[in-house]
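1. Need coordinates for the following:
(one chain, ligands or ions: 2)
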Amino acid sequence: MPTKIEKDTISGRETTGHEWDGIRELNTPLPKWWVYVFYATIVWAIGMFLLYPSIPFVHSYFHGLLGYSSRADAMAGVSEMNALHAKQMEQIGKLSFAEIQKNHDLMEVALTAGRITFADNCQPCHGPNGEGRIGFPALDTDVWRWGGTLEAIQQTITHGIRANDPETRNSQMPSFGADGILKPEQIQQVADYVMTLYGKAKPGVDVSAGAKIFAENCAMCHGDKGQGNRDVGAPPLASRVHLYGDSRETVVAQVTRPRHGVMPNWNKRLSPATIKAVTLYVHSLGGGE
Ligand code: HEC
Ligand code: HEC
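-> Residues are numbered from 1 along each chain as shown. Ligands and ions are numbered 1, 2, ... in the order given. From the prediction side, this is the model:
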């Protein structure tokens, strides 16, 4: 049926000419402002399409007139951070421990770098938090074999202990049993005495013979009261912290054939600045002097 455009008598507006069951549709155009905003969004979209990366091709894409790339942006951020990190590590390498400790920002960088270095290199032997394990000393206690000052720790990490380095820390507990310096019976006696030093002796055992053997053979390294001696890395025996354990068998085994634990030198694998950072980290674990 042909439609007729006519005026609506009530509103005075034109109708569209459509009519359904006597209901006619008024012609109400979109507001002008709405139409212009709509056109503006189309222009905006075309503009963005041209300025920024948009159309994908098979092996590449249209890079946009501005050449913007969020990846390049991110990479620039990363290299900026790397440059800052390198600069801070360089400073850590140059400054003294005291100067680093006074600089809050540098100290934070050092401890973070130290923690990461520790997790990558030291944790397999010394445990995730430096708590140690049998044969590998705990680094979070105040019991030190070679020393717990920053300088002592730095020296240990740099040159190692019994390591393949001309300046390594070195000392050898003699093989009292294997080399026949002490008889098996004497080793049992001295073991009984050593256990009194940390309060694990069997009650009622006479340790006078053991004490004499200790004074003659062991005190020069471990100290007359078993307090240890850092010049030769002899662990304090009068301590609840042990490198190998506190049982009688462990003491007998050590006196018979000492283990001569090896700590690698890190000067070949870590830069001096990184060694300083991990030194500060180890020192911060709780036992630093
Ligand atoms: C292959 C195992 C091993 C690795 C890896 C290792 N250490 Fe050690 N470390 C040892 C042993 C064993 C000793 C004890 C040697 C001894 O005195 O008998 C030791 C001793 C030390 C000491 C001296 C503790 C004291 O009481 O004076 C420090 C400090 C130390 N290690 C730090 C580190 C740091 C930091 C790293 C990582 C950069 C590291 N170690 C990696 C085995 C290891
Ligand atoms: C030349 C110095 C020296 C002499 C002498 C010496 N020691 Fe040691 N002792 C060490 C060193 C160094 C260590 C740790 C190094 C290692 O073997 O890994 C050690 C470790 C030990 C340990 C293990 C400590 C622990 O924490 O688990 C015991 C126990 C011990 N010695 C007992 C003795 C007794 C007993 C004698 C005497 C019969 C003796 N030592 C004589 C240097 C010495």
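
2. what about G287, is that helix, strand or coil?
-> Per DSSP: H, G, I helix; E, B strand; the rest coil, the local secondary structure of G287 is coil.

3. thought it was touching R145?
-> No. Using CB atoms under 8 Å as the test, G287 is too far from R145 to be in contact (11.7 Å). Where you see a C-beta, it was placed from the backbone N, CA and C, and this is true even at glycine.

4. Between these two, point out the one with more neighbours.
-> R145 (22 against 18; other CB atoms under 10 Å).

5. list the contacts for V255?
-> V255 makes contact with 176-177, 182, 187, 190-191, according to CB atoms under 8 Å, 6 or more residues apart in numbering.

6. Tell me the spacing between the closest residue to L150 other than its chain neighbours and S239.
-> Spatial nearest neighbour of L150, chain neighbours left out: F97 (4.6 Å); criterion: CB to CB, 6 or more residues apart in numbering. Using CB to CB, to the nearest Å, F97 is found at 27 Å from S239.

7. Residues contacting the helix or strand where M107 lies, please?
-> Using DSSP states H and E, M107 sits within helix 104-121. With contact meaning CB under 8 Å, 6+ apart, helix 104-121 is reached by 85, 88-89, 91-92, 95, 100-101, 126, 128, 130, 266, 269-270, 274, 276-282, 284.

8. ok, which of those also contact ligand 2?
-> Residues shared between these and the neighbourhood of ligand 2: none [CB under 6 Å from any ligand atom].

9. Mind checking the pLDDT average for the longest strand anywhere in the chain?
-> Scanning the chain for the strand with the most residues, using DSSP state E, yields strand 15-20. Confidence over strand 15-20, taken as the mean pLDDT, stands at 84.

10. for stretch 216-231, same thing?
-> 93.

11. hmm, it in reach of ligand 1?
-> No. Remark: stretch 216-231 sits outside contact range of ligand 1, by CB under 6 Å from any ligand atom, the gap being at least 7.5 Å.
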